[in-house]
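J.: pasted the sequence and its predicted model underneath.
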Amino acid sequence: MAIITVLSGSYCHGDEIVSALSKQLGHRQLDDLLFTDAAEKYGVSRDKLESLLCGVDPFRDKRSKDRFKMLARLEVTLAELIQTDDVMLGGCAGFMIPNSIAHVLRVCVIADVKYRVAEASKSDGLSEPDALENIQAYDRQIGECILDLVAKQAYDERLYDIVVPMDRTSPEEAVRLIVNHAQSDAIKTTDWSRRTAHDFLLSARVKLALAESGHLVEVFSDNGHVTVGINEQALMMGRLHEKVKSIARSVSGVSEVTTKLGSRLDTPSVNPWEGIDAPPKILLVDDEREFVQTLSERLKTRNLESSIAYDGEQALEMVKEDAPDVIVLDIMMPGIDGIETLRRVKQTNPEVEVIVLTGHGSDREQTVAEELGVFAYLRKPINVNQLAGVMKEAYARRQSNR
């Protein structure tokens, strides 16, 4: 069954809902265990660890290497704890779990300010001004933490699979709603999603090894293939990349390492595609059935319907019968591979936009794909929201070309 994360606004019955969910589903609550285990394992102050996610951040500098190391220790501990199912987390810790792990149900429990002020008065006897000040302080604290972890506002509904409005929902109804979603096929645990959870653990261990050596990085893992984004500058960048690779290779389970510049070094860009309608016809092509089926389900929760083909031959037949607007295409497939599929699609339907999404593509294949007119060449794992954004961009170009 799904891992459940719950972020609750203050005075929204969050603790009551989490407790009821734990009892009804038999899920183990990890909030306390996360900080206790990390403190014992690494010999650090539990209070200091907890304040990183649940209190006033003890580090003034968000780019502090000591702060990054403490967060990396928490991440490894969390990754170890979620290797088994039937667990749940409250608060900000759940945002450390990557979106690539499909069997995670992300829940937000929130209400309007009027409701929260009334609940604060009822439960704590606070006056309206005091209640409002208390609520605003809580939201600022939560907001800063989540903005740091995922670069989004705390109550941005795009972060969640379910947003429960407590001003219109009783705690009992909220629990029933969350239980129904937790038992749905869209987020059930599969062999593929278990592998992504293991990838998260390997990524976390590599990140910690690099953090312990004083490096600011982001790490992604795909079945032993590790990609490290370097978020620091050096006069001899080539030497820095080689040093990072050497440390990463020393971590058990790593079979290959690629380095690149990290996203925190990039200049943030404005998204000009906000408000564009979802593509009416999307085709996902990948021979890894669990992956592509789960991807289709997760896109559906973002109002992006898609068809599925499991190999190049099937994809070409579907394009011939009813050409899609956007194709998301794997490279490594039996029979007609992704490059040949791309070539044939562009020969017969040049107006179709194709996005390559691969876990094992090479630089040479990327060059060939770009020469054939691919819209984007992406590598697994990828944030579903990021992929959805690229698909909307591809559809925008498709529409403009019409």
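T.: Yep, it's here.

J.: could I get the full set of strands for this structure?
T.: 3-8, 28-29, 87-90, 104-110, 162-165, 217-222, 225-230, 256-261, 282-285, 307-309, 326-329, 353-358, 376-379 (DSSP state E).

J.: tell me which of those sits most buried.
T.: Highest mean neighbour count among the strands of the chain (mean count of other CB atoms under 10 Å): strand 326-329, with a mean of 27. Quick note: C-beta positions are derived from backbone N, CA and C, even for glycine.

J.: who does that one pair up with?
T.: Next to strand 326-329 in the sheet, as set by DSSP bridges, lie strand 282-285 (parallel), strand 353-358 (parallel).

J.: what residue ranges in this protein score low on pLDDT?
T.: 55-62, 234-236, 265-279, 402 (pLDDT under 70).

J.: could you pull out the helices for it?
T.: All helices of the chain, identified by DSSP state H, fall at 14-25, 31-42, 46-54, 65-81, 113-124, 128-150, 171-182, 191-212, 237-249, 289-300, 312-321, 338-348, 363-371, 384-401.

J.: for the residue lying closest to S250 once chain neighbours are set aside, which residues are in contact?
T.: Excluding its sequence neighbours, the residue lying closest to S250 (CB to CB, 6 or more residues apart in numbering) is A209, at 6.8 Å. A209 is in contact with I247, A248, S250, V251, counting by CB atoms under 8 Å, 6 or more residues apart in numbering.

J.: same question, E297
T.: A102, D185, A186, I187.

J.: over to T189?
T.: Counted by CB under 8 Å, 6+ apart, T189 has contacts M1, A2, D85, H103.

J.: out of the strands paired with strand 326-329, nearest to G214?
T.: Taking CB to CB, strand 353-358 is the member of these nearest to G214, at 32.5 Å.

J.: using PDB, write out every CA atom in the closest one.
T.: Coordinates of each C-alpha in strand 353-358 appear next as PDB, following Å, rounded to 0.1, in the frame of the first residue of the first chain:
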ATOM      1  CA  GLU A 353       6.300  16.800 -31.400                       C
ATOM      2  CA  VAL A 354       8.500  14.100 -29.900                       C
ATOM      3  CA  ILE A 355      10.100  14.200 -26.500                       C
ATOM      4  CA  VAL A 356      12.700  11.500 -25.700                       C
ATOM      5  CA  LEU A 357      12.700  10.300 -22.100                       C
ATOM      6  CA  THR A 358      15.400   7.700 -21.500                       C
END
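
J.: residues in contact with it?
T.: 286, 325-332, 338, 342, 345-346, 365-366, 369, 373-380, 382, 387, 390-391, 394-395, 397-398.

J.: ok, back up a step: what about the contacts of T189, which one has the most neighbours?
T.: Neighbour counts for the contacts of T189 (other CB atoms under 10 Å) peak at A2, which has 27 neighbours.

J.: on that earlier part again, mind checking how far the residue nearest to S250 is from S255?
T.: Between A209 and S255 the distance is 15 Å, computed by CB to CB, to the nearest Å.

J.: repeat for D124
T.: Taking CB to CB, one finds D124 at 54 Å from S255.

J.: do G125 as well
T.: 59 Å.

J.: what does A131 give?
T.: Applying CB to CB to A131 and S255 gives a distance of 55 Å.

J.: give me the more crowded residue out of the two.
T.: Using other CB under 10 Å as the criterion, A131 and S255 rank with A131 on top: 23 against 11.

J.: which residue is the nearest non-sequential neighbour of that one?
T.: In space, and not counting its chain neighbours, A131 is closest to A120: 3.6 Å by CB to CB, 6+ apart.

J.: and E173, how many residues sit next to it?
T.: Neighbours of E173 (other CB under 10 Å): 12.

J.: next, count neighbours for the closest residue to G91 other than its chain neighbours.
T.: Take G91 and drop its neighbours on the chain: the residue closest to it by CB to CB, 6+ apart is C54, 5.9 Å away. As a burial measure, C54 scores 17 neighbours (other CB under 10 Å).

J.: tell me who's in contact with C54.
T.: G91, C92, C145.

J.: so which of these is the closest to A20?
T.: Using CB to CB, G91 is the member of the contacts of C54 that lies nearest A20, at 16.9 Å.

J.: isn't the closest one up against L53?
T.: Yes. With contact defined as CB atoms under 8 Å, G91 reaches L53; the gap is 6.5 Å.

J.: between these two, tell me which one has more neighbours.
T.: Taking G91 and L53 together and counting by other CB under 10 Å, L53 has the greater number of neighbours (23 against 20).

J.: what's the distance between that one and A93?
T.: From L53 to A93 the distance is 6 Å (CB to CB).

J.: which residues do these two both contact?
T.: Common contacts of L53 and A93 (CB under 8 Å, 6+ apart): L74.

J.: and for T36, nearest residue in space, chain neighbours not counted?
T.: T36 sits nearest to R46 (CB to CB, 6+ apart), 6.5 Å away.

J.: my guess is the one you found meets D37, correct?
T.: No. Applying CB under 8 Å as the test, R46 and D37 come out as separate, 9.8 Å apart.

J.: neighbour count: those two, which is higher?
T.: The neighbour comparison of R46 against D37 (other CB under 10 Å) goes to D37, with 19 against 14.

J.: list the contacts of the more buried one.
T.: Residues in contact with D37 (CB under 8 Å, 6+ apart) are T77, E80, L81.

J.: try 6 Å this time
T.: By CB atoms under 6 Å, 6 or more residues apart in numbering, the residues touching D37 are T77.

J.: what does V254 give?
T.: Going by CB under 6 Å, 6+ apart, V254 touches V226, A248.

J.: ok, now with 10 Å
T.: Listed by CB atoms under 10 Å, 6 or more residues apart in numbering, the contact set of V254 reads L202, S203, R205, V206, A209, S221, G224, H225, V226, K245, I247, A248.
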